[in-house]
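Enquirer: Let me see the structure of the following:
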Amino acid sequence: MEAGLIKLNPQLLSILSSKQNGGTDLVPFQREIFVINVFVAGTGYCDNIKNIQEHITPDTRLTMRRHPDNEVDEYAIGLHYNGHRIGWVPMKDNLVMARLMDAGKMFNCKVVSIDRRDPSWPRINVSIYLLD
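Expert: Here you go, the predicted model:
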């Protein structure tokens, strides 16, 4: 059997992304471009952070969600773990990412480290990547 590239077509993409067929919603040729490393802002204001943080470890993926109606910051980006907002991208760092998200760009956020010395206000360090 000869090894080579397989041409992608709609049927193949459908099979690859179908969760019924064991797929994982793959996007071909997608790469992560490192953007910034920050500490999550406002973790102490998260309801139930003491319990949630026990599940957050290095390499945990967080969901980034825009909050354009935030009364404090119109460029707010919430960082979520299993549907719970655990904090925010710091205000001083969120403007460009918020505008890119508003234009349809996607980002990944991965936990680098977590300092639990103060369980009511954990310091969570994350790296953010632009998906291209």
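
Enquirer: for this protein, where's the lowest mean pLDDT among helices and strands?
Expert: helix 10-17 (a mean of 65; mean pLDDT, DSSP states H and E).

Enquirer: So which residues of the chain form strands?
Expert: 32-39, 61-66, 77-81, 84-88, 106-115, 123-131 (DSSP state E).

Enquirer: who does the third one pair up with?
Expert: Right, strand 77-81. Looking at strand 77-81 with DSSP bridges, its partner strands are strand 61-66 (antiparallel), strand 84-88 (antiparallel).

Enquirer: Out of those, which one sits most buried?
Expert: Comparing the strands paired with strand 77-81 by mean neighbour count (mean count of other Cβ atoms under 10 Å), strand 84-88 comes out on top with a mean of 21. The C-beta positions use only the backbone N, C-alpha and C, and glycine is treated the same way.

Enquirer: Tell me which residues touch residue 40, please.
Expert: 79, 86, 87, 88, 89, 123, 124, 125, 126 (Cβ atoms under 8 Å, 6 or more residues apart in numbering).

Enquirer: give me every residue that touches the second one.
Expert: Contacts for residue 86 (Cβ under 8 Å, 6+ apart) come out as 40, 43, 46, 49, 52, 53, 56, 62, 79, 80, 124.

Enquirer: That one - nearest residue in space that isn't next to it in sequence?
Expert: Excluding its sequence neighbours, the residue lying closest to residue 86 (Cβ to Cβ, 6 or more residues apart in numbering) is residue 46, at 4.9 Å.

Enquirer: Distance of residue 110 relative to residue 68?
Expert: 24 Å (Cβ to Cβ, to the nearest Å).
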